[in-house]
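Asks: the sequence and its predicted three-dimensional model are supplied below.
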Amino acid sequence: MTTRGLAGSPAWKLVGRRLVAAVIVLWGVTFLTYAVMSALPNDTAAGLLGLKASPAQIAALNRRLGLNQPFWVRYWHWFVNLLHGNLGTTLEGQSVNHELATYLPVTMELLAYALVVSLVLAVGLAVLAARKPNGAADRFSLALSMLGLSAAPYAFAIFIIVVFGVQLGWFPVQSNALGTGGVGTFFREATLPAASLGFGLFAIYARVLRGDLVEQMQREDYITTARAKGLAPWRVLVRHALRNSMFTLITVVGLNLGALIGAAAIIETLFSAPGIGQELLNSISNHDVPMVEGIVLVFAIITVAGNLLADLLYAVLDPRIRYGSSSS
């Protein structure tokens, strides 16, 4: 049985297959989100007009917003507008596209900060731990990882707010100036929320990578061959074992990307960060379907793009990986 790999087929074929799957996933996400939001018991028009609104006023607003139309009609109108790049307007009359352009950069900066720092620290700690299994560094990494895995992001956020924000005063406890200042302002206001987002990921990455490195060093034939050639232990670990263990790490990063985005909504609220996560919670509370749809769509695109990037990174690290279909 032979398998056609990426190295033997154009890269666009891989990308094309993943994009087709991504389009189906994104459509499913938008449809389910619209269906769930439409099924929630909420009188949007009455909430906007207040308690003193008359039934006639409520009915008129429902007609103006199109809320009196069936679910299928409303979703179809939204979907057609989406195909033209228009995500609609919020209940307050603001363009969803404009709102996303305003809030999304803050969230993306926080996510990038949390992800990069957690990866760098996790790789460093995992390499130290795998160098001497059951040694001091390994025991320290285990204790730190267990702490990160057992602490919910919001609980860890409250802890570091009290310690580093209130008691020590090293960082502000509110991040409402994110996106408006320079580099110094960003690192001061983004460090605590990014740490809250990244600590749990750091713990997962460190333990997964450490376990895979130890297994590579103890069981793989290519490690034995490298040692027989007289290569230094650190070179064997970093140059050979780490490269192959990166496949596992990339998989975990892709799988946890959605959880990272979801946690951003809670963390941004705790730190009063003007990001898209906090806006999502506000929009759900206000039953602002177009805004919720736009935000969920953006989150889904980021998650799907991250998993597509992970697939492509496999080929970069090892072109021998097989993506094609098998034939005998």
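Replies: Great, that's in hand.

Asks: three-state assignment of residue 81?
Replies: What DSSP: H, G, I helix; E, B strand; the rest coil gives for residue 81 is helix.

Asks: excluding chain neighbours, what is closest to it?
Replies: Closest residue to residue 81 apart from its sequence neighbours, by Cβ to Cβ, 6 or more residues apart in numbering: residue 88 at 5.8 Å. C-beta here means a position set from N, CA and C on the backbone, and glycine is covered the same way.

Asks: show me what the helix or strand containing residue 247 packs onto, helices and strands only.
Replies: Counting by DSSP states H and E, the element that carries residue 247 is helix 242-270. Secondary-structure packing of helix 242-270 (3 or more Cβ pairs under 8 Å, 6 or more residues apart in numbering; DSSP states H and E): helix 96-131, helix 153-160, helix 183-219, helix 276-286, helix 289-317.

Asks: number of residues surrounding the nearest residue to residue 257 once chain neighbours are set aside?
Replies: If the residues on either side of it in the chain are set aside, residue 257 comes closest to residue 306, at 4.2 Å by Cβ to Cβ, 6+ apart. Residue 306: 19 surrounding residues under other Cβ atoms under 10 Å.

Asks: pretty sure residue 306 is in contact with residue 256, am I right?
Replies: No - using Cβ atoms under 8 Å, residue 306 is not in contact with residue 256; the gap is 9.5 Å.

Asks: contact partners for residue 206?
Replies: Applying Cβ atoms under 8 Å, 6 or more residues apart in numbering to residue 206 gives the contacts 121, 122, 125, 126, 129, 141, 144, 145.

Asks: for the fourth one, the count of nearby residues, please.
Replies: Other residues within reach of residue 126, judged by other Cβ under 10 Å, total 27.

Asks: contact partners for it?
Replies: Applying Cβ under 8 Å, 6+ apart, the residues near residue 126 are 141, 205, 206, 207, 209, 210, 213.

Asks: mind telling me the two of those residues farthest from one another?
Replies: With distances taken as Cβ to Cβ, the most widely separated pair in the contacts of residue 126 is 205 and 213, at 11.9 Å.

Asks: shaky segments in the stretch 201-328 of the chain?
Replies: 217-241, 314-328 (pLDDT under 70).

Asks: go again using 80 as the cut-off
Replies: 212-248, 250-251, 254-259, 262, 278, 285-289, 306-328 (pLDDT under 80).

Asks: follow-up on the earlier one: can you give me phi and psi for the residue nearest to residue 81?
Replies: phi 90, psi -160 (degrees, to the nearest 10).

Asks: again with residue 174
Replies: phi -120, psi 140.

Asks: burial count for it?
Replies: If you count neighbours by other Cβ under 10 Å, residue 174 ends up with 15.

Asks: so what's it up against?
Replies: 189, 271, 272.

Asks: before we move on, the earlier item: buried stuff in the helix holding residue 247?
Replies: 242, 244-254, 256-258, 260-261, 263-270 (16 or more other Cβ atoms under 10 Å).

Asks: how far is that helix from where the chain is centred?
Replies: 6 Å (Cα atoms, centre = their mean, to the nearest Å).

Asks: and stretch 157-169, by the same measure?
Replies: 25 Å.

Asks: also stretch 152-169?
Replies: 22 Å.

Asks: what of stretch 112-127?
Replies: Taking mean C-alpha positions (Cα atoms, centre = their mean), stretch 112-127 and its chain are 15 Å apart.

Asks: buried sites along it?
Replies: 113, 114, 115, 117, 118, 119, 121, 122, 123, 125, 126, 127.

Asks: what does stretch 276-285 give?
Replies: So stretch 276-285, judged by 16+ other Cβ under 10 Å, has buried residues 276, 277, 278, 279, 280, 283, 284.

Asks: also stretch 150-160?
Replies: Buried residues in stretch 150-160 (16+ other Cβ under 10 Å): 151, 153, 156, 157, 160.
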